[in-house]
Structure formats: structure tokens, C-alpha cells
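Here is the input, now give the coordinates:
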Amino acid sequence: AMALSPTKPVIFVASFFIGISVQAFKICVDTLVQAHVDEEFKGRAFTFYDMAFNSALVLAGVVAALTLPPTGLSVLGFVAMAALYAACAVAMAVVSARIGRDTLEKGTEDLVAR
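Presented below is the predicted three-dimensional model:
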């Protein structure tokens, strides 16, 4: 939508929903780390994960500054981001199918029982 109609309202609305999606994804990963990492390693795992997440945000800004035009609007850029999001969704589906439901839902027994 942003690539086809690069107006401020469209950009603001799309950015809001992208931000919500990113935070929802981060909450899911936090839950997986909480459920699957042994207690003695949780602090280190969360520290590493948070550093990687925050570094990725900075790296994304650098990549955008180097590759996008000065206006920041690029149909190819938006299509590439959409393809990357789709590839990540497919990768998550494939990996979670290989892992199996019991392993993936470890630590959520009280929620699954409801």
C-alpha cells in the first residue's frame, strides 16, 4: 500500500501496523526463549537476544540509508521487504512443523490445557 500511495497518512498507518507486527513477533520470541532456555542461561540468552534485536534495528536504518533514494520511497524496496516478511513466515512455518507441536509448546502447558 505504501509503495502504491506514498502519502503521509498511508505511510503513518502502514508504519503503525508494521510496528505492532514487529512487537508482536518480539513477544512471541521472548516467550519461546523463556520456555526453552534453562534457568541458568536465561539472563545471558535474553541479553544476547535483546542486543541482536536492537542491533538489527540500527542495521536496518543503515541499510535503508544506503539503498533507498533520498525520499525513502521505493517500489522495489517495499516489494523486497514484503518478500522478506513472507520468506520469514514460510521459514517459521517450516521450522515449527519440523520441531513438532509438543516441543514448540513447551512451557505453555497451563495455557494449552484451557
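
C-alpha from now on. contacts and neighbour counts both.
OK.

list the helices and strands the longest helix seen in the chain packs on?
Assignment by DSSP state H gives helix 8-36 as the longest helix of the chain. Counting contacts by 3 or more Cα pairs under 8 Å, 6 or more residues apart in numbering; DSSP states H and E, helix 8-36 packs against helix 42-67.

which residue packs closest to His36, ignoring adjacent ones?
Spatially, and ignoring its direct neighbours in sequence, His36 is nearest to Lys106 (6.9 Å; Cα to Cα, 6 or more residues apart in numbering).

Could you look up the SS state of the one you found?
At Lys106 the chain is in coil, as set by DSSP: H, G, I helix; E, B strand; the rest coil.

burial count for it?
Other residues within reach of Lys106, judged by other Cα atoms under 10 Å, total 13.

That one is in contact with Gln34, isn't it?
No: applying Cα atoms under 8 Å as the test, Lys106 and Gln34 come out as separate, 9.8 Å apart.

Which positions in the helix or strand harbouring Ala97 come out as buried?
Assigned by DSSP states H and E, Ala97 falls within helix 75-99. Neighbour counts over helix 75-99 (16 or more other Cα atoms under 10 Å) mark Gly77 as buried.

Can I get stretch 30-44 as PDB, trimmed to CA atoms?
The C-alpha trace of stretch 30-44 is given here as PDB (Å, rounded to 0.1, in the frame of the first residue of the first chain):
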ATOM      1  CA  ASP A  30      10.600 -13.700  24.200                       C
ATOM      2  CA  THR A  31       8.000 -16.400  25.100                       C
ATOM      3  CA  LEU A  32       9.900 -19.100  23.200                       C
ATOM      4  CA  VAL A  33      13.200 -18.100  24.900                       C
ATOM      5  CA  GLN A  34      11.500 -18.100  28.300                       C
ATOM      6  CA  ALA A  35      10.100 -21.500  27.700                       C
ATOM      7  CA  HIS A  36      13.000 -23.200  26.100                       C
ATOM      8  CA  VAL A  37      16.200 -21.900  27.800                       C
ATOM      9  CA  ASP A  38      17.400 -23.400  31.000                       C
ATOM     10  CA  GLU A  39      17.100 -21.200  34.100                       C
ATOM     11  CA  GLU A  40      20.900 -20.800  34.400                       C
ATOM     12  CA  PHE A  41      21.300 -19.400  30.900                       C
ATOM     13  CA  LYS A  42      18.100 -17.200  30.600                       C
ATOM     14  CA  GLY A  43      19.900 -14.000  31.600                       C
ATOM     15  CA  ARG A  44      22.600 -14.500  29.000                       C
END
